[in-house]
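**Student:** just need the structure, nothing else, for what follows:
(one chain, ligands or ions: 2)
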Amino acid sequence: MTPTLYKSAMEKLLSSWSSAAIYLPENYVFPVQSRPGDATVPFCNTLPMIDLNTAFAGGRQDAVQQVLEACQDFGVFQVINHGVDEDLVIDTMRVVKEFFDMPNEDKANVYSEDPNKKCRLYTSTYDYENEKVHLWRDNLRHHCHPIDEFLHLWPQKPARYGDVVKKYSLQVGDLSSRILELICEGLGLGPTYFGDGLTGVQLFSANHYPPCPNPNLALGLPKHCDANLITFLLQDDISGLQLYRNGEWLGIEPIPNAFVVILGHQAQVISNGKLTSPEHRAVTNSTDHRTSIVYSINPKPDSIIEPAKALINDSNPPLYRAFQFKEFLKTYEVKKDYNEGALEDFKIKA
Ligand SMILES: O=C(O)CCC(=O)C(=O)O
Ligand SMILES: [Fe+2]
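**Tutor:** Ligands and ions are numbered 1, 2, ... in the order given. I've put the predicted structure just below:
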């Protein structure tokens, strides 16, 4: 690492300076309309909670139905008894926290300002230099599928990072296949519809939100829909994830050993609008560090995304045109419109 890049890492990474910050710097203050403010946000007590053991006890069709309904009504649900080893889940959260707790010198080795790097630690968004407001988060992100192609690029410290995160990625990747199969069945698509082309890019993305001097004015992540196909999110025990539903913000309660499953924009397009991609954000707080671990399933850049042909007929015309996933990502990033607006260019106008 060059001295200039090291200096940049120390100036930019929140975890290197935020504990000394008494005031929120001006360039972290969100415009009035998108600030969280000081209103108390209740937990969403109607959010579907799917216990895969119980769901399957009633037969596979029961599980399919529960997942489908959750994806249609909310586009997000929590899942427990998901088959990912509980000790591994705890250990993965622990090793990720250890990573963010390391001395600056160790973290600087993974820091990069090149968004094309397949493993990097950075702060805020991929576009720190040009963004109007910075996000109150650091993010460690790397590819993990096929795993052996990327393992050598992952952080070397903590020493057990590679072993733990490899096991976790394989098990959560397997959970994603099982959930996607249930979604396919629910939609009436063949069980292998979500093949390698639609799921071949899998990312491990850990968000770290240090205590924030003014959580009312700042955001860890602003309101967005995920750009991908589907997300498997692990929260620690500090709340901060919020869902925008029927015009209000509702918290998603941290539940030990549960994954929050969130549908991305591509699931909405492929299902021709039958499934929804929910708007959500991450808020900060003034006392606790918060960590969330996202396992993100994405199509390959050249893959064609379009409403599944089996769902299209005269009374159900396609709502979206076909596009390459990389074309969507460009729009998502260039327009900086992370909500429904990101799909605007791809809608077929009546
Ligand atoms: O930290 C969280 O709970 C939210 C993370 C998230 O929405 C994302 O990474 O897309
Ligand atoms: Fe998200």
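**Student:** okay, CA-based contacts and neighbour counts for the rest of this
**Tutor:** OK.
**Student:** give me the contacts around stretch 247-259.
**Tutor:** Outside stretch 247-259, the residues within contact range by C-alpha atoms under 8 Å, 6 or more residues apart in numbering are 41-44, 47, 78-82, 86, 89-90, 232-244.
**Student:** all strands of the stretch 151-300 of the chain, in order?
**Tutor:** 201-209, 221-224, 230-235, 241-245, 248-251, 259-263, 279-282, 290-298 (DSSP state E, counting those that start in this stretch).
**Student:** among those strands, show me which one is buried the most.
**Tutor:** When you average the neighbours per residue for each of the strands of the stretch 151-300 of the chain (mean count of other C-alpha atoms under 10 Å), strand 259-263 leads with a mean of 25.
**Student:** which residue ranges of this structure form helices?
**Tutor:** With DSSP state H as the criterion, the chain has helices at 3-12, 14-17, 52-57, 60-73, 86-101, 104-108, 147-150, 161-187, 196-199, 265-270, 325-334.
**Student:** could you report the pLDDT at the residue of the chain positioned farthest from its centre?
**Tutor:** The C-alpha centroid of the chain is most remote from Asp314, which lies 35.0 Å away (C-alpha atoms, centre = their mean). Asp314 is assigned a pLDDT of 95 by the prediction.
**Student:** reformat the strands of the stretch 151-300 of the chain as TSV; add distance to Lys349 and mean pLDDT.
**Tutor:** Putting these into TSV (distance: least, C-alpha to C-alpha, whole Å; pLDDT from 0 to 100) gives the following:
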stretch	distance to Lys349	mean pLDDT
strand 201-209	30	98
strand 221-224	23	95
strand 230-235	26	98
strand 241-245	25	98
strand 248-251	29	98
strand 259-263	24	98
strand 279-282	23	97
strand 290-298	26	98
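**Student:** would you turn the ones you listed into JSON lines with distance to ligand 1?
**Tutor:** JSON lines is the format used below for these (distance: least, C-alpha to the nearest ligand atom, whole Å):
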{"stretch": "strand 201-209", "distance to ligand 1": "6"}
{"stretch": "strand 221-224", "distance to ligand 1": "7"}
{"stretch": "strand 230-235", "distance to ligand 1": "6"}
{"stretch": "strand 241-245", "distance to ligand 1": "4"}
{"stretch": "strand 248-251", "distance to ligand 1": "10"}
{"stretch": "strand 259-263", "distance to ligand 1": "9"}
{"stretch": "strand 279-282", "distance to ligand 1": "5"}
{"stretch": "strand 290-298", "distance to ligand 1": "5"}
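**Student:** need those in a markdown table (columns: distance to Pro191).
**Tutor:** Formatted as a markdown table, these follow (distance: least, C-alpha to C-alpha, whole Å):
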| stretch | distance to Pro191 |
| --- | --- |
| strand 201-209 | 19 |
| strand 221-224 | 29 |
| strand 230-235 | 16 |
| strand 241-245 | 29 |
| strand 248-251 | 33 |
| strand 259-263 | 18 |
| strand 279-282 | 27 |
| strand 290-298 | 17 |
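**Student:** out of the ones you listed, which comes closest to Val133?
**Tutor:** Val133 lies closest, by C-alpha to C-alpha, to one member of the strands of the stretch 151-300 of the chain: strand 221-224, at 10.3 Å.
**Student:** can you list the strands that the closest one pairs with?
**Tutor:** Strand 221-224 has the following strand partners under DSSP bridges: strand 279-282 (antiparallel).
**Student:** what sits up against the partner strand?
**Tutor:** Contacts of strand 279-282 (C-alpha under 8 Å, 6+ apart): 219-225, 240-245, 339.
**Student:** interface residues of the stretch 251-350 of the chain facing ligand 1?
**Tutor:** When proximity is defined as C-alpha under 6 Å from any ligand atom, the stretch 251-350 of the chain approaches ligand 1 at 281-282, 292, 294.
**Student:** so which of those is the closest to Glu344?
**Tutor:** Distances from Glu344 to those, taken by C-alpha to C-alpha, are shortest for Arg281, at 20.7 Å.
**Student:** quickly list what the closest one is bridged to.
**Tutor:** Here Arg281, judged by DSSP bridges, has bridge partners Gln242.
**Student:** quick one: it from Asn81, how far?
**Tutor:** Distance from Arg281 to Asn81, counting by C-alpha to C-alpha, to the nearest Å: 26 Å.
**Student:** tell me the centre residue of this structure?
**Tutor:** Val294 (4.7 Å).
**Student:** quick one, what contacts it?
**Tutor:** Val294 sits next to 203-207, 231-234 when contact means C-alpha under 8 Å, 6+ apart.
**Student:** if we use 10 Å, what do you get?
**Tutor:** 141, 203-207, 231-235, 259-261 (C-alpha atoms under 10 Å, 6 or more residues apart in numbering).
**Student:** now it, nearest residue through space, not along the chain?
**Tutor:** Spatially, and ignoring its direct neighbours in sequence, Val294 is nearest to Leu233 (4.5 Å; C-alpha to C-alpha, 6 or more residues apart in numbering).
**Student:** how much space separates the one you found from Val89?
**Tutor:** 11 Å.
**Student:** likewise for Gly58?
**Tutor:** Applying C-alpha to C-alpha to Gly58 and Val89 gives a distance of 27 Å.
**Student:** between these two, which is the more surrounded one?
**Tutor:** Val89 (21 against 10; other C-alpha atoms under 10 Å).
**Student:** I'd say that one and Tyr168 touch.
**Tutor:** Yes. Assessed by C-alpha atoms under 10 Å, Val89 is found in contact with Tyr168 at 7.1 Å.
**Student:** all good on my end, thank you.
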